[in-house]
Each structure stands twice: as structure tokens, then as C-alpha cells.
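S.K.: With the sequence up front, the predicted model follows.
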2 protein chains.
Amino acid sequence: MSLAPWRSHLARALHRNRSLVYARYLQLATIRVDGRPANRTVVFRGFLDDTDRLKFVTDSRSQKALEIDRQPWGEACWYFPETREQYRILGKLTLVGENYPDPALQKARQISWQELSDAARLQFAGPHPGEPRADAEAFAPPPPDPIQPLSHFCLLLLQPEQVDILELRGEPQNRCLYWVDGDGNWSAEAVNP
Amino acid sequence: MSLAPWRSHLARALHRNRSLVYARYLQLATIRVDGRPANRTVVFRGFLDDTDRLKFVTDSRSQKALEIDRQPWGEACWYFPETREQYRILGKLTLVGENYPDPALQKARQISWQELSDAARLQFAGPHPGEPRADAEAFAPPPPDPIQPLSHFCLLLLQPEQVDILELRGEPQNRCLYWVDGDGNWSAEAVNP
């Protein structure tokens, strides 16, 4: 499978913004159970193997996981401060939890767990996100197994179907839309910013 | 009217991150006409007078304006890199366009136009956003009147109903939820990150 045409632009943006740790943070919008939008910061964890699917991690106890279970569409908005570029990535989300049936994605989930820092893994051992603040001892759990993921650890995948790149630096600004058809072929068109 | 309790936290975050121009950029999620989420970067333009309503500006020709007309809920996600704080602000959006009936908000729309930089105003004089790229001359319009807004210039207001503040720096992290009742009274609760 060949990579999507926007991948080389994104690779360049990541490279040029590499001095900023938060250039790997982006905002992921989903739909709440009540139909209203939700939006939160997530950390980009690279692409799944040789695909165009973006990897994130999440906790199955979070609202985000509940929302995605019901409505799998998401749009990531990713702003690169150094190069002043915005990537909007619309696509379907897949939540790979403990009981996800695909063995290859289970393996990917396990690898994502192993690639986390100790501090990041420890967060998954903490008390239920969003519930009333627990006592201090709930925040000092024993470190979890670095090999086998905790049961509520999820790999979250975003399969892009439309990508909208805006370069704020241009005079005039440049903006390009990319979209994929059912056979996986990408098209692109320059549009007005 | 007294300010909401999360306002002092936000004022401090804005102050501590003031060296970064993009600390005033945030991501606004809305619902597309087809029900899928949309997400894009917007620039915070301050609060409306002595209210808790956040101000942004937009173009009535943009998808965002169409979406908000149909489904007024939005969630802003605002990440402050310097202090490592995230604000999630859920609320109702009001699009104050040329024909919006309220004279006070029309006045606010006019002031927002006047407060824009020349370069920002010029963008509203450009060709239709999102349409196929126009010729170069369409991007060199005469500078618009700095006093009277162009017809498709809109003030966009977000009236917060729920605010979720996450401090990533804590050990453990601190997270606090704020919500408002029908009488405008705010409640707050510390929750697990």
C-alpha cells in the first residue's frame, strides 16, 4: 500500500516542529452521547505500521471511549506553531480495547503499551477518570506490568478520509483538500483559504 | 453580573502564556451538517464586555457558519503550552452576522471589525473560502473600510455552560469541572484526571 499524498507534508511539518514537544499534541473532536460535540487534546503516537492510520492511546473508562463506541467519526485539528500550518483530519475511529478480535491490532495495542513511558503507564493505573477526586493513595498505585497492558488500556486509531491543510504563512495563504475514494485512491484540490 | 469562577484561572493562564502568540489560538469543535464532527483553529478575541462569552470572528461563507446555524453547540479545546493546562469549554454558539437583530451585538460586531488588523480584515475581502482556488488577482482586493464591516463578517460568541480544567503539571494532575445552572450560578467539583 502506498502512503497518502498528504503524508510527506505531515512528515515535514513534524520534522520542522520537532523542537516543540507539544507539536505532537492535537485536538480530537467527537460527538457526545447527547449529540453535542466534544473536544480534547491527545498525543500523536505515530502511524500504525505501513498504513495511514494515526495512533493515540486512551482509557476505556473515559468519556471519549464511550462516545466513539456509539459514533465513530472524529476530526483531529493539528496546529504546528513553528511552521504555522493547520491539518484537519476527518475520519473513522477504531477503539482497540482488551476484547478487540483482530490479533494484529491486539499486537499493536500491546506494543503501544510497551512504548509508553513509565509515567504514562502509571496514569492508566489511577482512579476512574472524571469521577469525584479520589484520595491521595489512589494516585500512588503500584507500577503496572510494562509488558502486558492493563485491561482498560486502549489503542485508538484514526483512519483519515479527508485532510485539509492550511498554510498560514503564505501571502495569500495556501490551502489544499485531500479526500479518498472507496478504493483507497486520494484526490487533491487547491481551495481558497 | 459576577464573573464565573473559572475566569480568574483562565486570566492567569493567558498571562503566563503571553509570550506565545499561539496561546490565543484554540480549537473549536462543532457538528457538520451531515452529523459528523468538525474541528478547526480559531483566535480568541477576548470576552464580550462584562460577560463570560468568548469572542471569535468568522466568515458567513465558511462551513463553520453554516454548521452553527443548524446546531449551535460547540466545544472549545484550549491548550496552554507554557503552563501545560487544558481548558475544555462547552457551550452554545451565537453567530452575529449582518442581519442579527440585537443592536448591542451589532455594535459589538462592528467593534470587533475595527479591532482587527489590516491583514485580518483583508482576508474577509478575499474569494469564497473552501471553493476551488481563485486567480491571483482575487487575492489582491482593495482594502475594505476599516469602520464598517463587510457583509459576510460575523462575530462568533461562545456562552460557556461547562468548563473542564486539567493541569498536566501536577503529580497527580489536577482536574476541575465547572458547570452553570439555569440561574447563572456556577458549581465546581474536583474530579480524577
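M.R.: Done, it's in.
S.K.: rest of the way, CA atoms for contacts and neighbours
M.R.: Noted.
S.K.: in chain A, which residue is closest to the centre?
M.R.: Closest to where the C-alpha atoms of chain A average out (CA atoms, centre = their mean) is A:Phe56, at 3.9 Å.
S.K.: Could you pull out the helices in chain A for me?
M.R.: Listed in chain order, the helices of chain A (DSSP state H) span A:7-16, A:63-70, A:103-115, A:118-124.
S.K.: Name the residues of the third one that come out as buried.
M.R.: Pointing back at helix A:103-115 there. A:Leu105, A:Gln106, A:Ala108, A:Arg109, A:Gln110, A:Ser112, A:Trp113, A:Gln114 (16 or more other CA atoms under 10 Å in any protein chain shown).
S.K.: from the residues you listed, which single one is nearest B:Leu20?
M.R.: Nearest to B:Leu20 among the buried residues of helix A:103-115, counting by CA to CA, is A:Ser112 at 32.0 Å.
S.K.: OK, contacts around the closest one?
M.R.: A:Val57, A:Leu155 (CA atoms under 8 Å, 6 or more residues apart in numbering or on different chains).
S.K.: That one and chain B: what is the separation?
M.R.: 21 Å (CA to the nearest CA, to the nearest Å).
S.K.: pLDDT weak spots in chain A?
M.R.: Counting by pLDDT under 70, the low-confidence segments of chain A come to A:1.
S.K.: For chain A, list the residues in contact with chain B, please.
M.R.: Within chain A, the positions lying close to chain B (CA under 8 Å from any CA of the partner chain) are A:22, A:27-31, A:36-41, A:73-77, A:79, A:81, A:86, A:88, A:90, A:127-134, A:139, A:172, A:189-193.
S.K.: ok so, going back, nearest to A:Ile165 among the helices of chain A would be which one?
M.R.: Across these, closest to A:Ile165 is helix A:7-16 (CA to CA), at 9.0 Å.
S.K.: quick check, distance from that closest one to the centre of its chain.
M.R.: 16 Å (CA atoms, centre = their mean, to the nearest Å).
S.K.: who wins for proximity to B:Ala120 among the helices of chain A?
M.R.: Using CA to CA, those put helix A:7-16 closest to B:Ala120, at 24.3 Å.
S.K.: Walking through chain A, point out its strands one by one.
M.R.: A:25-31, A:37-43, A:54-59, A:73-80, A:85-96, A:153-167, A:174-180, A:186-191 (DSSP state E).
S.K.: Determine which of the ones you listed approaches B:Leu166 most closely.
M.R.: Of the strands of chain A, nearest to B:Leu166 by CA to CA is strand A:37-43, at 10.4 Å.
S.K.: which residues are in contact with the closest one?
M.R.: Applying CA under 8 Å, 6+ apart, the set of residues contacting strand A:37-43 is A:24-32, A:56-57, B:27-31, B:37, B:73-77, B:79, B:86, B:88, B:90.
S.K.: One more: stretch A:145-157?
M.R.: A:48, A:53-61, A:93-98, A:108-110, A:112-114, A:118, A:121, A:124-125, A:144.
S.K.: let's see it at 6 Å
M.R.: A:53-60, A:93-98, A:109, A:113-114 (CA atoms under 6 Å, 6 or more residues apart in numbering or on different chains).
S.K.: okay, now the closest residue to A:Pro143 other than its chain neighbours: neighbour count?
M.R.: Distance criterion CA to CA, 6 or more residues apart in numbering or on different chains; nearest residue to A:Pro143, sequence neighbours excluded, is A:Leu122 at 5.9 Å. Using other CA atoms under 10 Å in any protein chain shown, A:Leu122 has 18 neighbouring residues.
S.K.: Check A:Gly182 too.
M.R.: A:Gly182: 7 neighbours (other CA under 10 Å).
S.K.: same deal with A:Ala11?
M.R.: Around A:Ala11 there are 10 residues (other CA under 10 Å).
S.K.: and it, what is it in contact with?
M.R.: Counted by CA under 6 Å, 6+ apart, A:Ala11 has zero contacts.
S.K.: Return the distance of it relative to chain B.
M.R.: 20 Å.
S.K.: what do you get for A:Ala188?
M.R.: Separation of A:Ala188 from chain B (CA to the nearest CA): 11 Å.
S.K.: ok, that residue touching A:Tyr178?
M.R.: Yes - contact criterion CA atoms under 6 Å: A:Ala188 and A:Tyr178 qualify, at 4.3 Å.
S.K.: Specify which residue of the two has the higher count of neighbours.
M.R.: A:Tyr178 (19 against 15).
S.K.: hmm, back to that, now, of the residues of chain A next to chain B, which are buried?
M.R.: A:22, A:27-31, A:36-41, A:73-77, A:79, A:81, A:86, A:88, A:90, A:127-130, A:132-133, A:139, A:172, A:190-193.
S.K.: Measure how buried the closest residue to A:Leu14 other than its chain neighbours is and give me the count.
M.R.: Spatially, and ignoring its direct neighbours in sequence, A:Leu14 is nearest to A:Ala23 (7.2 Å; CA to CA, 6+ apart). Residues lying near A:Ala23 (other CA under 10 Å) number 21.
S.K.: A:His15 too?
M.R.: The burial count assigned to A:His15 is 11, neighbours taken as other CA under 10 Å.
S.K.: Who is the residue nearest to the centre of chain A paired with across the strands?
M.R.: A:Leu156 (DSSP bridges).
S.K.: what separates it from chain B, distance-wise?
M.R.: Applying CA to the nearest CA to A:Phe56 and chain B gives a distance of 17 Å.
S.K.: which ones are touching that residue?
M.R.: A:Phe44, A:Arg45, A:Leu156.
S.K.: Which member of the residues you listed is positioned nearest chain B?
M.R.: Chain B has its nearest neighbour among the contacts of A:Phe56 in A:Phe44, at 14.9 Å by CA to the nearest CA.
S.K.: looking at it, that closest one is touching A:Arg24, isn't it?
M.R.: Yes - here A:Phe44 reaches A:Arg24: they are 5.3 Å apart, a contact under CA under 6 Å.
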